[in-house]
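Q: Coordinates for the following, if possible.
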Amino acid sequence: MTATPSTPRYRPLRFGVTEVRTRAADNGVVYVEAAQALQPHPVRLTERLAHWAQVAPERTWMAQRVKNADGSLGEWRHISYSQAWAAARSIAQALLGMNLGTERPVAILSENDLDHALLSLGCLVAGVPQCTVSTAYSTISQDYDKLRHVLDTLTPGLVFASDARRFARAIGATVASDVHVVLGSGSIEGRRTTPFSELLATPATPAVDAAHSAITADSIAKFMFTSGSTKLPKAVIVTHGMWAANLQQMNQSMPVLAEEPLVLVDWLPWNHTFGGNHNFGIVIYNGGTLYLDEGKPTPTGMAETIRNLREIAPTVYFNVPTGFEVIAQAMKTDDQLRKNLLSRVKMFFFAAAALSQPIWDALFESAEREVGERIVMNTGLGMTEGCPFCLAVNSPDVQAGDIGVPTPGLQLKLVPVDGKIEVRYRGPNITPGYWRNPEATREAFDEEGFYCSGDAVKWIDENDLNKGLKFDGRIAEDFKLSTGTFVSVGPMRAKIIAACAPYVQDAVLTGINLKEVGALLLPTAACRTLSGLPATAGLQEVVQSAPVQQHFQKVLNQLAAQATGSATRVARAHLMAEPPSLDKGEITDKGSINQRAVLQHRAHLVNALHDGSLPFTIVPQH
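A: Residues are numbered from 1 along each chain as shown. So this is what the prediction gives:
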């Protein structure tokens, strides 16, 4: 007799949206919304900050490790809610005296830190829009073209950076002389600057309360730039009302956020909507505590993340797939990490890219071994223009690609486009448009005022629409072969990544107007182990090694055997030794690959792949 597999046991997690309503219209259009209505919420996030400063004044709002003299990170420095509210009011007072506003906002160039966070709060209290700029535009870029574009678009009245040494060159090259420059530490020769401590020392007056009271739901809270691909980044307008509405939507979709004091250990950059709106916002909205993780989802950067997770136990944990990959591997042998991370976490949540099945399995295995139950892995679909939360899964039984149901108050419009179904959005969390770019704004919305996302979706189960939707790729990424056959990029990429796991982070499909599909593969750190080469070996040597090439030959053979035609068959593949470039828009700040940008900037590689002149091209063998 065959044993019946037992049903997995999950740590209890309540889902807020369990039912959707649909309405069919002409031409195959379907409207979808949550059956649960959006509940009342504040106009401004800062109302919640003031609330928690009153009811939980001593609770830690944010903490960061102090940097020691030798550059290492030491003990935690904590800022309480009462301290945060007082600091925000002092900074707001200082900003009110600098002639700042919508036409002259605040631009922040440096990474997540406590000064950055307090300045953000000061802007929100004063009603002065802010924009956190990708740090790479100042510290990695050599030409500063994207930084210059951002500042030209914003025309800031104040620019902040954490320290003069790292940002002086970028500021000197791009910031006009009439712009206030505020520095966390140091000074810039030949330029008048203001120390951040001076803003903190400014006594607040009734003018702060008047400015705060004047903020409406339509007032601009911040600008967030899209990552940019073949075009320069666009500035998404985020209003106070959008942000507050979206935080209430998150609480109703994910009740765990409000059921107990929230604790996050988080590295996600604040220039991106996942870190800067979603995680920064839910902490304040729910009176939680955010521990700033100065690690990164890289083999070396994750050492700091793991150190923090051994010490601080989050109640929910957010990361991108590459981060979960390292954590899943580490938990297999790190008893302290496994014990602490799993002690009270109620939910894992990933976004930005696909999470391969071996990573899921490893996380489940560690949890079942340590606490006897799995931790629910949540995910969904969001975007900068949605502030970002739009859809989330509503069951622990998640399959790769599932994105779930709309959050309360958000209406979806499913529109047939080129053989797929595009999802469009209308609701209180959707941007009114792009700053100083009326043409892009007009192009982004349809005749009913729905934002056109360009994302394709399909029902998880057409017999049970309450399960919601699954991701079906980007409509603009799909292409035709020379035979006229359509290649559906999203599902095919997901299949390649799953087959290559854990050795591939992402795949870029090639073959537009050609006779067959190719793939440029982005290898993970696991390829180094597979190669058997020493840690000093370069990435090119690793991916060209015989064990790695032989492994991928087998995988490509298997994929080819499963293909049903030219549009589902990878006819040739190549492992990229050169990492994707952020400056060229090939990779976003959250680590996901931009297909179009890679194809544009590596056209020579694509041509060589398909004409047979590219060395170490892997072709299926029959």
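Q: going forward, measure contacts between C-alpha atoms and count neighbours the same way
A: Noted.
Q: does Ala499 sit in a helix or strand, and which one?
A: According to DSSP states H and E, Ala499 maps onto helix 489-500.
Q: can you list contacts of that helix?
A: Applying C-alpha atoms under 8 Å, 6 or more residues apart in numbering, the external contacts of helix 489-500 come out as 354, 356-357, 471-474, 477-479, 504-509, 552, 555, 559, 568.
Q: buried ones in that helix?
A: Val489, Gly490, Met492, Arg493, Ala494, Lys495, Ile496, Ile497, Ala498, Ala499, Cys500 (16 or more other C-alpha atoms under 10 Å).
Q: Stretch 21-41 now?
A: Those would be Thr22, Val30, Tyr31, Val32, Glu33, Ala34, Ala35, Gln36, Leu38, for stretch 21-41 by 16+ other C-alpha under 10 Å.
Q: tally of neighbours for the closest residue to Arg14 other than its chain neighbours?
A: Nearest-residue entry for Arg14: Pro255, 6.4 Å, with adjacent residues in sequence omitted and distances by C-alpha to C-alpha, 6 or more residues apart in numbering. When counting by other C-alpha atoms under 10 Å, one arrives at 16 neighbours for Pro255.
Q: State the number of residues packed around Pro8.
A: 12.
Q: and it, how far is that from Asn340?
A: From Pro8 over to Asn340 the distance is 22 Å, taken as C-alpha to C-alpha, to the nearest Å.
Q: Over to Pro534?
A: Taking C-alpha to C-alpha, one finds Pro534 at 32 Å from Asn340.
Q: cool, His116 as well?
A: In terms of C-alpha to C-alpha, His116 sits 29 Å off from Asn340.
Q: Can you point out the buried residues in stretch 202-214?
A: Thr202, Ala204, Val208, Ala211, His212.
Q: circling back: please identify which of Pro534 and Asn340 sits among more neighbours.
A: Asn340 (17 against 10).
Q: The more buried one: helix or strand, and which one exactly?
A: Using DSSP H and E, Asn340 falls in helix 335-341.
Q: quick one: average confidence on that helix?
A: The average pLDDT for helix 335-341 rounds to 98.
Q: again, but for stretch 378-389
A: Across stretch 378-389, the per-residue pLDDT values average to 94.
Q: What lies in contact with it?
A: Taking C-alpha under 8 Å, 6+ apart as the rule, stretch 378-389 contacts 224, 226, 236-238, 242-243, 246, 249-250, 272-274, 277-278, 347-351, 390-393, 396, 398, 402-404, 407, 429-431, 433.
Q: go with 7 Å
A: Here stretch 378-389 makes contact (C-alpha atoms under 7 Å, 6 or more residues apart in numbering) with 236, 242-243, 246, 250, 273-274, 277-278, 347-351, 390-393, 403-404, 429-431.
Q: likewise stretch 277-287?
A: So stretch 277-287 is in contact with Leu45, Arg48, Leu49, Trp52, Leu247, Ala258, Pro261, Leu262, Thr289, Leu290, Cys387, Pro388, going by C-alpha under 7 Å, 6+ apart.
Q: so of these, which ones are in helices?
A: Taking DSSP state H, the ones among the contacts of stretch 277-287 that sit in helices are Leu45, Arg48, Leu49, Trp52, Leu247, Ala258.
Q: and the third one, how many neighbours?
A: Just to be clear, that refers to Leu49. There are 23 residues near Leu49, going by other C-alpha under 10 Å.
Q: distance of it from Gly288?
A: Taking C-alpha to C-alpha, one finds Leu49 at 10 Å from Gly288.
Q: got the contact list for the closest residue to Arg426 other than its chain neighbours?
A: In space, and not counting its chain neighbours, Arg426 is closest to Phe450: 4.8 Å by C-alpha to C-alpha, 6+ apart. Counting by C-alpha under 7 Å, 6+ apart, Phe450 touches Arg424, Tyr425, Arg426.
Q: Among the residues you listed, which one sits closest to Thr617?
A: Arg424 (39.2 Å; C-alpha to C-alpha).
Q: List the contacts of the closest one.
A: Leu412, Lys413, Leu414, Phe450, Tyr451, Cys452, Ser453.
Q: Tell me which of the contacts of Phe450 fall in strands.
A: The strands, defined by DSSP state E, take in Arg424, Tyr425, Arg426 from the contacts of Phe450.
Q: Ile237 versus the second one, what's the distance?
A: Look at Tyr425 and Ile237: by C-alpha to C-alpha, they are 16 Å apart.
Q: Pass me the low-pLDDT residue ranges in the stretch 451-600 of the chain, would you?
A: 582-583, 587-592 (pLDDT under 70).
Q: 80 instead, please
A: 473-474, 476-480, 482-486, 490, 535, 579-594, 596 (pLDDT under 80).
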